[in-house]
Structures are given as structure tokens and as C-alpha cells.
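Enquirer: For reference, the sequence and a predicted model appear below.
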Amino acid sequence: MVDVGEKNSTQRQAKATGSISMLPATLELIIAGNHKKGDVLGIARVAGIQGAKKTSDLIPLCHPIALTHVNIDFEIIQDKSQVICTALTKTVGQTGVEMEALTAVQIALLTIYDMCKAVDRGMVMGDIKLLEKSGGKSGEWVAEN
């Protein structure tokens, strides 16, 4: 693990995104909120938050971080039969929260898959990437389109 003990504590945040594509009928179940397993996006939101909090348990050399904020948003793109997940993570500390944001997105998307796999095993997750980060010695970074 990298020694971050000499680094200054600063406000840090990261935003990541990813998508899951599915059959139109699967998306309709999610939108209608009548999936037999419950509120798919609500449960995926909680799972994404839990994933962010457990990142250091999943990624071997990732520092445990005291997160000050995690937000998970979903955007439904009906014409593409897709759900976009965006995660925002924040902390005040000596290392960044990029891995927490990326983990939150992937766990949220995996939860959607898990809840809907009985009706659509062909769902595809993709476009998982860091959108931006701020704080620390390297400062601001924003992905190019």
C-alpha cells in the first residue's frame, strides 16, 4: 500500500459513470416499479452506496477511506433501453475517492443485473469510467468526451 501519511488532508471528490442495456420489456418493469423483487433502482442505489463503503475490502491495495458523502443517480434512456448510473463520492483525507466512485457504479449495475436476470440474462454493462476528480496534489481532472 502506498504511504499517504505525509500527504495533506484535503477535500476530495470523484464522479464515475456506467450503463446497463437491456430488453425494452425489462426496462418497463423497472420503470413501472412492479418487478417481483421490488424497487430495482432503490435497491441498486443502496447497494452502490454499500459498495463504495466496502471498496478497500474488495481492492487489495486500496486505502480504507472515511467517506463523507456518496450519491448514486440513475438516468433512464428509453430509446436505447438503458439505465445510466452516476456515482459521486466525497471525503476529506489524504487519498482520493476514485476507486470508491467506480466501485459504487459497478455494484449498482450488478445489482440491477441480479434483480432482473430472471427476465433478461442478456443485459450488458459497459462504459464504466471516471468522469472527474478533484482534490489532492494532482488537483482537478475531467475526462475528455
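Expert: That came through fine. All of these numbers come straight from a predicted model, not from anything done at the bench.

Enquirer: these two touch, right, residue 88 and residue 48?
Expert: No. If you go by CB atoms under 8 Å, residue 88 and residue 48 don't touch, sitting 10.6 Å apart. The way it works is simple: take the backbone N, C-alpha and C, and place the C-beta from them, glycine included.

Enquirer: Quick check, central residue of this protein?
Expert: residue 105 (1.8 Å; CA atoms, centre = their mean).

Enquirer: Next one, pLDDT for it please.
Expert: Here the pLDDT value assigned to residue 105 is 98.

Enquirer: start the count at 660, not 1, going forward
Expert: Got it, first residue is 660 now, which makes that one residue 764.

Enquirer: Report the contact partners of it.
Expert: Going by CB atoms under 8 Å, 6 or more residues apart in numbering, residue 764 touches 675-677, 707, 744-746, 787.

Enquirer: Return the distance of it relative to residue 779.
Expert: 20 Å (CB to CB, to the nearest Å).

Enquirer: these two touch, right, residue 674 and residue 791?
Expert: Yes. Assessed by CB under 8 Å, residue 674 is found in contact with residue 791 at 5.0 Å.

Enquirer: Between those two, tell me which one has more neighbours.
Expert: residue 674 (22 against 15; other CB atoms under 10 Å).

Enquirer: Name the SS class of the residue nearest to that one when sequence neighbours are not counted, please.
Expert: With CB to CB, 6 or more residues apart in numbering as the criterion, residue 674 has its nearest non-adjacent residue at 4.5 Å, and that residue is residue 790. Classification of residue 790 using DSSP: H, G, I helix; E, B strand; the rest coil returns strand.

Enquirer: Likewise for the one 5 residues further on?
Expert: Remark: residue 795 carries the secondary structure label coil [criterion: three-state DSSP].

Enquirer: count of residues packed around the residue nearest to residue 674?
Expert: The local packing of residue 790 (other CB under 10 Å) involves 16 other residues.

Enquirer: Residue 707 versus residue 674, what's the distance?
Expert: From residue 674 over to residue 707 the distance is 13 Å, taken as CB to CB.

Enquirer: what's the answer for residue 765, then?
Expert: 8 Å.

Enquirer: Now do the buried residues in the lengthiest helix in the chain.
Expert: When the chain is parsed with DSSP state H, its longest helix is helix 757-775. By neighbour count on 16 or more other CB atoms under 10 Å, the buried set for helix 757-775 is 757-772, 774-775.
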